[in-house]
Each structure stands twice: as C-alpha cells, then as structure tokens.
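Trainee: sharing a sequence plus its predicted fold:
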Amino acid sequence: MILLVEDNPDDEALTLRALKKHNLFDEVVVVRDGAEALEWLFITDRHAQRDTDVVPMVVLLDLKLPRLDGLEVLRRIRGDARTRTQPVVILTSSQEEQDIISSYQLGANSYVRKQVKFESFMEAVGRLGLYWMLLNEPPLFEKTSGSR
C-alpha cells in the first residue's frame, strides 16, 4: 500500500486518479497533514487502532503541509528505528533548491516535482507507484510490541 501525505485536494485527486489508472488505487491511504502522517506511521492518536500489520511500501510526501511540514515529517521518520528504512518519496511542487538539498540530506529516497501538465503528472505518478509497488524490494520491518 501507499501512504499519500497531501493537503491539496486537487493534487490528491490527480494523484489518486493516476494511481487508479495504473491499478494501484485500492492500495492508498491518504492523510492531509504532517502530524496525521506521523500518527498513522507510529500508530498513535487518531490511528492508534489501525492494523499494525499494514506498512506502506512507500510514503509519497508533500513538503508544504499544515501542522508539520514535510521536512520535519521526514526528519522524524528517519530519526525513529521503527521507520528509519521506510521508503519516502518527496512529491511536491517546490522548485526551491534548498528543499531538494534538505530532502536528500534528511534521507529522502527520491524527490519528484509535481508536473504542471496534466498528462505529465499522471505519467510521473503512475511510474512512481509502479516502481515502488511492483519493482522495489521493500525493507523488512521487525515487529515490536505495540507498533510496526
């Protein structure tokens, strides 16, 4: 499954449409801010009762998020032993060089700019989903008491 962290409803709809086009739609969980992304990943607060066996093959993470920005989410993912090897792809409209540098310094697996043209965006997201869901060998996560 894919964890999509996206606060823009239009970008969310386009991303889901692209994933659906490549038959990956049923395997997507959407959260709309950075704090909720961490709650989902660490199985706390609003997501404390979710199935602990469900682990995303990849997190598609926007940078410009409410409550907690994407770089801070990435920092916390990489800073916790339970999620340190979690694949994270930055999927953002940011063209700021510092965002690219910071993302890779914090351990992003990839940095993909959201395409302005609809067809280009659809193709890019579809390829991302196919790669991470079908081709990539995911890390193996150890079960720990109460989480991941």
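Mentor: That came through fine. Numbering: from 1, shown residues only.

Trainee: any regions of the chain where pLDDT drops low?
Mentor: In the predicted model of the chain, residues 25, 140-148 satisfy pLDDT under 70.

Trainee: quick one: the strands in it?
Mentor: 2-5, 28-31, 58-61, 88-92, 110-113 (DSSP state E).

Trainee: relative to residue 68, which of these is closest?
Mentor: Counting by CB to CB, residue 68 lies closest to strand 2-5 out of those; the figure is 9.9 Å. For glycine as for every other residue, the C-beta is placed from the backbone atoms N, C-alpha and C.

Trainee: find the nearest non-adjacent residue to residue 35, please.
Mentor: Excluding the flanking residues, the one nearest residue 35 by CB to CB, 6 or more residues apart in numbering is residue 67, at 4.2 Å.

Trainee: so what does the one you found look like in phi/psi?
Mentor: Main-chain torsions, residue 67, degrees, to the nearest 10: phi 70, psi -50.

Trainee: how close does it sit to residue 48?
Mentor: Applying CB to CB, to the nearest Å, the value for residue 67 to residue 48 is 18 Å.

Trainee: of the two, give the one with the bigger neighbour count.
Mentor: When residue 67 and residue 48 are compared for neighbours, residue 67 comes out ahead with 14 against 11, by other CB atoms under 10 Å.

Trainee: now do the same contact list for that one.
Mentor: 33, 34, 35, 36 (CB atoms under 8 Å, 6 or more residues apart in numbering).

Trainee: any chance of TSV for the residues you listed, columns distance to residue 115 and neighbour count?
Mentor: What follows is the contacts of residue 67, written out as TSV (distance: CB to CB, whole Å; neighbours: other CB atoms under 10 Å):
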residue	distance to residue 115	neighbour count
33	23	18
34	23	25
35	28	17
36	26	21
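
Trainee: for burial, what's the neighbour tally of the nearest residue to residue 78 once chain neighbours are set aside?
Mentor: Distance criterion CB to CB, 6+ apart; nearest residue to residue 78, sequence neighbours excluded, is residue 107 at 4.2 Å. Number of residues near residue 107 (other CB under 10 Å) recorded here: 15.
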